[in-house]
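Q: Everything below, folded, please.
(one chain, ligands or ions: 1)
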Amino acid sequence: MSDNKKSPLYVTSEIGKLKTVLLHRPGKEVENLTPDLMGRLLFDDIPYLKVAQEEHNYFAKTLKENGVEVLYLEELASEAIQEKEVRERFIEDFLDEANVDGEGLRQALRKYLSDFKNEELIQKAMEGIRKKELSNVKMKSLADLADNDYPFVVDPMPNLYFTRDPFATIGTGITLNHMRTETRNRETIFAKYIFENHPRFKDKNIPIWFNRDETSSLEGGDELVLSDKVIAVGISERTDAISVEKLARNIFKDGQTFETILAFNIPKKRAFMHLDTVFTMVDYDKFTIHPEIEGPLTVYSITKGDNGEINIKEENAILEDILKKYLGLSNVTLIRCAGGDPIDSSREQWNDGSNTLAIAPGEVVVYARNYVTNKILQEHGIKTHIIPGSELSRGRGGPRCMSMPLVREDI
Ligand SMILES: NC(=[NH2+])NCCC[C@H](N)C(=O)O
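A: Numbers count the residues shown, from 1 in each chain. Model (predicted):
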C-alpha cells in the first residue's frame, strides 16, 4: 500500500508508530448521566467531569509528547458543518436520529439551535438537550405536555470519548459502523459528516468497507488490524458474525493487501463487550489477553477465495499457534492480565487492564490503576506510558477505546 501513504487514513497494524489519532475530550454529556439512565447509556457509574477531563488532558499530552498529532472529534465535526446547507442537513439528521418526533417540537428545537455557533451546536448535539432549556421557546407539542417527567428532549451521548467504536480505520479506508445500541448508533453521525464534508477527508476517495445503514452491528472495539495482511474481529456482545463476513467480502474485493480475517468468538458479556477489552497487540509478537476468554475462545479464519468468494474455516490450534501461522512469526507471547490470578485479573480487566494503546512496537499507554498487569508488561520488555484513569474508567473503556488511529507508520 506504499503509494497510499499520502492518504489521510493509513493503518496497516496495531503497533506501527502512531502519527495521527482522533480523540474526544469528555464534555457535559457525561454530566447528563443520571442513575436511571446509566444502564441504557452503558455506564456503570457517573464520572466526575472535572477530573475526567484532567485525566484526558494527560492522555492527550502523553500522546503529543511522543510525536502524535492529536485531532479532536468535536473540532473536526464543527469544521465539517461550515457550509450552511450542510449545517441544516446535519440538524435534520440529528433530530431524526434523536427520535424527535412531532413538528411542534422539531420547530422549537430548530429555533433553539439556530442561535448556536457551529462549535456550540456540535457540543450541544453531544451533550443532549434538557427539557427545561426549551422553557423560553414556545412549544406546541402535546407529547411534551403529557410526558412530563422525562428530563430530556434529546438524550446525551456520554460514550463519545470512546472514539474507537463508531468507525474504524483499516488500511486507507474505514468501516462506518452500525452500533448495537441506539445510544451509540447516534454517535456515528459525527463520523459520517466528517468523512463526507471535512476538507481533510472529502473527495479523497476513502473506501467504506461497511456502512452505518447496515442492519447487523459492527463496533470498532472489535476491529484489530494485526498486520497489512491480517485483521482480527471479535464476534461479541456488540458485533454480529454476519458483519464480519460482510467486511471480509468488501475488503477482499477492493485490492487492499488484506488476505485474512480472524474472527474471535468471545463470550457475550458486559465486561468483555469488545475484543479489545480482552486482547490487544503490544509488540510484533506479544499480545495482552484476559485469561477468562482463553477457554471459551473459538477462532474462525476467513480467507480470500477464487472469483470473489471467501473461505471460512474453524481453526483447531491454540491461539499462539494460530497467530504464529497467520502472522508468519516463530514465537508468540500472550501476556495474561494480572498474570492470570483469578481475582486480580478480573478486577484489572474490569478497569481495562488488557486494553492497551500501542504508540510504537513495544510501547503502550495504560491506566495506572492496573499496576499488577503493568508490571508484568514491563517484565516482558514493554515500555508503559502510565496515565491516570480513575474517572475515565467508569465508562468501561481504556486507552485503546479512547483513541482512533488515523495514521500509523508501517511496521
Ligand atoms: N473499544 C472499547 N472497548 N470501548 C469501550 C466502550 C465502553 C462503552 N461504555 C460501551 O459500553 O459501549
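
Q: count of residues packed around S114?
A: The local packing of S114 (other C-beta atoms under 10 Å) involves 11 other residues. Just so you know, the C-beta spots here come from the backbone N, C-alpha and C atoms, and that holds for glycine as well.

Q: S301 versus the nearest residue to L226 once chain neighbours are set aside, what's the distance?
A: Excluding its sequence neighbours, the residue lying closest to L226 (C-beta to C-beta, 6 or more residues apart in numbering) is A232, at 5.5 Å. The spacing between A232 and S301, counted by C-beta to C-beta, to the nearest Å, is 10 Å.

Q: Tell me which of these two has more neighbours.
A: Set side by side, A232 and S301 give different neighbour counts by other C-beta under 10 Å, the larger being at A232 (25 against 17).

Q: OK, contacts around the residue nearest to H290 when sequence neighbours are not counted?
A: If you skip the residues right next to it in sequence, H290 has V278 as its closest partner in space, 3.9 Å away by C-beta to C-beta, 6+ apart. Contact analysis of V278 by C-beta atoms under 8 Å, 6 or more residues apart in numbering lists I266, F272, I289, H290, E292, I293, C337, Q349, S354.

Q: what pLDDT does N307 get?
A: With respect to pLDDT, N307 scores 85.

Q: K5 too?
A: Each residue has a pLDDT score; the one for K5 is 60.

Q: backbone phi and psi for I387, please?
A: Backbone geometry at I387, expressed as degrees, to the nearest 10, gives phi -120, psi 150.

Q: Can you spell out which residues form a bridge with it?
A: When bridges are called by DSSP bridges, I387 pairs up with Y367.

Q: My understanding was that the residue nearest to L226 contacts T260; is that so?
A: No - between A232 and T260 there is no contact, the gap being 9.4 Å when judged by C-beta atoms under 8 Å.

Q: Can you report phi and psi for the nearest residue in space to K268 that is not next to it in sequence?
A: Spatial nearest neighbour of K268, chain neighbours left out: E237 (4.5 Å); criterion: C-beta to C-beta, 6+ apart. Backbone torsions of E237, given as degrees, to the nearest 10, read phi -60, psi -30.

Q: how many other residues sit next to whatever residue of the stretch 101-250 of the chain ends up closest to the ligand?
A: Nearest residue of the stretch 101-250 of the chain to the ligand: G221, at 2.4 Å (C-beta to the nearest ligand atom). For G221, the tally of surrounding residues (other C-beta under 10 Å) stands at 23.

Q: Need phi/psi at the spatially closest residue to it that is not a sequence neighbour.
A: What sits nearest to G221 in space, not counting adjacent residues and going by C-beta to C-beta, 6+ apart, is H274, at 2.7 Å. In this entry, H274 is assigned phi and psi values of phi -130, psi 160 (degrees, to the nearest 10).

Q: wait, what's in contact with H274?
A: The contact partners of H274, by C-beta under 8 Å, 6+ apart, come to D165, E219, G220, G221, D222, G234, S236, E237, R238, T239, C401.

Q: residues in contact with K253?
A: Under the criterion of C-beta under 8 Å, 6+ apart, the contact partners of K253 comprise G308.

Q: how does it look with 6 Å?
A: The contact partners of K253, by C-beta atoms under 6 Å, 6 or more residues apart in numbering, come to none.

Q: From I81, how far off is it?
A: From K253 to I81 the distance is 32 Å (C-beta to C-beta).

Q: Kindly report the same for S135.
A: Using C-beta to C-beta, one gets 27 Å for the distance from S135 to I81.
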